[in-house]
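**Q** Sequence and predicted structure below; questions after.
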Amino acid sequence: MSLTRCCVSVAEKIREKLEKAFEPLLLEIVDDSARHKGHAGHQSGGETHFNVTIVSAAFNGCTRVERHRLVTAALREEIGNPIHALALKTLTPDEAR
């Protein structure tokens with residue numbers, strides 16, 4: 001079941017898309033927007049700057065750059081608007097131990 005855009009936070013959209021794309025063992029999404037008040041891309045309602053940690057077997061055999069490309073591809077509709085900044089920590093299950 002897909003969540004509708006009108007009623008869902010950006011963090012929830014991120015969670016839905018990354019869970020669907022990567023079936024993560026661990027997924028942490030932190031809205032870091034408040035720390036960027038006054039900086040480029042900040043909006044008063046927040047939800048523009050995120051830190052994401054994701055552990056998934058889908059990253060096995062991928063370089064860090066490839067992993068980041070996979071994640072940003074999964075979030076392509078949100079990158080740029082509403083997401084201004086996305087810090088990623090992408091790990092395989094073995095790396096997370």
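**A** Received the coordinates, thanks.
**Q** Could you use CA atoms for every contact and neighbour count after this?
**A** Will do.
**Q** Residues contacting the biggest helix by length in the chain from elsewhere in the structure, which ones?
**A** Across the chain, the longest stretch assigned as helix under DSSP state H is helix 10-22. Residues from elsewhere that reach helix 10-22 (Cα atoms under 8 Å, 6 or more residues apart in numbering): 2-3, 5, 24, 27, 29-31, 47, 56-58, 71, 74-75, 82-83.
**Q** buried set for stretch 56-63?
**A** Residues of stretch 56-63 classed as buried: 56, 58-59 (neighbour count, 16 or more other Cα atoms under 10 Å).
**Q** ok, and what's touching it?
**A** By Cα under 8 Å, 6+ apart, stretch 56-63 touches 22-26, 67, 90-93.
**Q** tell me how far the ends of that stretch are from each other?
**A** Counting by Cα to Cα, to the nearest Å, you get 13 Å between the two ends of stretch 56-63.
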